[in-house]
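Colleague: Next come a sequence and a model predicted from it.
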Amino acid sequence: MAGVTSRILTVEDDERIRTAMKLALEDEGYTVIEAASGETALEAFAHKGADVVLIDVMLPGIDGFEVCRSIRRRSDVPIVMVTARADTHDVVAGLEAGADDYVTKPFVAKELAARIRALLRRARADQTPSVMTFDGLELSPESGVVKRDGSEVHLTKTEFRLLCELAANAGKVLSREQLLDRVWGYDYFGDGRLVDVHVRRLRSKVEDDPSDPRLVVTVRGLGYKLQS
Amino acid sequence: MSAEAARTWRRRPRARRPRRLGLRARVTAAFALGALSLSAVLSVLTYGLVRSFLVEQREQGAVTQTFLNARVVRDGLASRSPQPDPDRILSSLETPSGTGAVVRYRGVWYANSVAVGSESLPQRLRVLVDEGTPGRQRFTLSGEPWLAVGVPIPHVHGVYFEAVSLDGVDGILDVLGFSLAGAAMLTTVAGAAMGRWAAARVLSPLTSVSEAAAGIASGNLGIRLEAPEDPDLRLLASSFNRMVDALKERIERDARFASDVSHELRSPLTTLSTALEVLVARRDELPQRSRAALDLLAADVGRFQRMVEDLLEISRVDAGVAELHLEPVDLVELVRHAVSAAGAGVVVINDGHRVPAQVDKRRMERVIANLVHNALAYGGGVARVAVEQSRGVVRVVIDDEGAGVPPEERERIFERFYRGSVSGQRGHSDGSGLGLALVAEHVGLHGGRVWVESAEPRGARFIVELPGER
């Protein structure tokens, strides 16, 4: 990665885990800012900022979801939730609070680094036209701007990349596996809920009636497509 | 029962085991027996009462009639003019049919019917009346019951007898007897039917209790009995429900414990594995002994991690909180990805068609991964993987290159922590002991089954069978 090393804000109350994470992530080339609680995390983010935020779900005081929501309100920085288990409601709750991805404890630092790299990737701008329009929605992959009926819509990086991927294949159905691969860099066994919740979030921002989607439609048993 | 009594009881040879009737049969029999005895007693009483009443009535009537007729005869015989004619007097008497009148006047017997004569009359009565006492006596004439009433007529030194047939009474009594017997039988049958119905009514709450218990035993801890309106049954229902509540709480607590323990272990494990990663990245900087120690550490921390994961997974299945998230997939594609992710470079064989199936992707990945690891660790490598479908089922077949699984172990290898003869030979084990047990659980959650056979020419063949798309 050229230029400034990315800064990760880690929010974890267990001291030893926090230290181990710092060591491992610094090995991967990141600068680590530590926070032991939700409150200190929000303070650190407000004053120092970060390029990626890693939040443990189990925090004393303000819980991880609240921290995620707070940060999301002010920024579209990539957020990764650190959950205990994959098959609980934690994952969906975290995603709906605004997270871009999640890892389960205990995680492999190298894999976490790979996830973060995928999130920091810019959307592919090479094969798409500079501005795409769909029924009131204006999308510019290069500049990263999305407008609905003239007013700008704020999407997270991941939501934006999802939209770009669907737009680049407008009218075609993309399966969950394909979206997981192209947007998150996951293989066949990636978690489909990542796609489902992000589609829900996308709809709430770009659809006139999110409960009756006209743009981002579900194709039962196959996946999603952007109505051209 | 005291110990001694128990011993005695056991020592006594049981010639034959008495057949125990069910509760329903016993209640029905009791009702029938009760109805029978009651109706029998009533019938007998009624019969007796009616019989004695009828007989009494008949007798009374006969006696009254005899006395009246005796007076007429006496008046007839006592008159001076004209000369008394006993025959004429007798025939003038009003005697209903079935009655015979007999008179002795001046030593001569006169009768007004063919059926009854002086010789028909019972001896004891004749002697009694001769001595001057009126009386009556039952006797048999031509096999039929008769009643004889005798009245002395001292005025004219005569005796007057009347004999009345009791046959008619008996005829009525026969009809009565048959009707009562018939009624008793009907009552018994009705009693039996009522008994059956009553037994069914009483047993129906028990049926619902046993159904609830069966449902709970099969794992559905949410079943409770509804509060019945019957106050007697309310106690049964409430104590049953309390028992199930306690059971459910106990099971959940146990399941939570296993789950909580595994959960708590994740935190120190995270530190261990993350710090280990940092060390492993600097392995080359370490002296040789440290490197050897580090390798051991890395291997067993990895094993520890897998164990905790597997334990957590299986404890969730035990607690019944395992949820299946089914998705439509092409099983061939899934197996291909799983096999390569598990590190086996084998080509998945299939006849070229898609094999659609509804599966939980994550669990199926675990199933394939565990089977592949099993083949790599204990089977000398994966020989062949195939995906087939036929007749409503889909199958994944994994053959290894080892010595196969002995027939007596083929069921046991799917047990938790089972170390078979093959795996036990290894000096170390990377597995948690739960790999195949988890395969069985995951496949079971899908409604399928897994088993092992012999492969040709050698090795073990593991077959996972799942219900196919309809």
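Modeller: It's in.
Colleague: give the contact list for the residue at minimal distance from the centre of chain A.
Modeller: Of all residues in chain A, the one closest to the mean position by C-alpha atoms, centre = their mean is A:D100, 2.0 Å from it. A:D100 sits next to A:78-80, A:119, A:156-158 when contact means C-beta atoms under 8 Å, 6 or more residues apart in numbering or on different chains. Backbone N, C-alpha and C define where each C-beta goes, glycine included.
Colleague: Buried residues, the longest helix belonging to chain A. List them.
Modeller: Of all segments of type helix in chain A, defined using DSSP state H, the longest is helix A:192-206. Within helix A:192-206, the residues that qualify as buried are A:192, A:194-195, A:197-199, A:201-203, A:206, counting by 16 or more other C-beta atoms under 10 Å in any protein chain shown.
Colleague: Out of those residues, which are close to chain B?
Modeller: For chain B, the contacts drawn from the buried residues of helix A:192-206 by C-beta under 8 Å from any C-beta of the partner chain are A:G192.
Colleague: quick check, nearest of the buried residues of helix A:192-206 to B:S97?
Modeller: B:S97 lies nearest to A:G192 out of the buried residues of helix A:192-206, by C-beta to C-beta, at 108.2 Å.
Colleague: who's in contact with that closest one?
Modeller: A:176, A:180, B:327, B:361.
Colleague: okay, now the first one: neighbour count?
Modeller: As a burial measure, A:R176 scores 21 neighbours (other C-beta atoms under 10 Å in any protein chain shown).
Colleague: Tell me who's in contact with it.
Modeller: Taking C-beta under 8 Å, 6+ apart as the criterion, A:R176 is in contact with A:192, A:195-196, A:223-224.
Colleague: In helices, which of the contacts of A:D100 fall?
Modeller: Using DSSP H, A:119, A:157-158 are the members of those that sit in helices.
Colleague: Scan those and report the most crowded one.
Modeller: A:T158 leads those on contacts (other C-beta under 10 Å) with 25 neighbours.
Colleague: how far away is the nearest residue to it once chain neighbours are set aside from A:E159?
Modeller: Excluding the flanking residues, the one nearest A:T158 by C-beta to C-beta, 6 or more residues apart in numbering or on different chains is A:D100, at 4.2 Å. Going from A:D100 to A:E159 by C-beta to C-beta, to the nearest Å gives 8 Å.
Colleague: Same check on B:L438?
Modeller: Distance, B:L438 to A:E159, by C-beta to C-beta: 36 Å.
Colleague: for B:I172, same thing?
Modeller: Distance of B:I172 to A:E159, given as C-beta to C-beta: 105 Å.
Colleague: More neighbours: which of those two?
Modeller: Neighbour comparison, B:I172 and A:E159: the larger count goes to A:E159, with 22 against 14 (by other C-beta under 10 Å).
Colleague: Once you drop chain neighbours, what's closest to that one?
Modeller: A:L202 (5.3 Å).
Colleague: Alongside chain B, which residues does chain A contribute?
Modeller: With the criterion set to C-beta under 8 Å from any C-beta, chain A comes near chain B through A:14, A:16-17, A:19-21, A:23-24, A:27, A:84-87, A:105-110, A:187-189, A:191-192, A:221.
Colleague: which of these count as buried?
Modeller: Applying 16+ other C-beta under 10 Å to the residues of chain A next to chain B, the neighbour count classes A:14, A:17, A:19-21, A:23-24, A:84-85, A:87, A:105-107, A:109, A:188-189, A:191-192 as buried.
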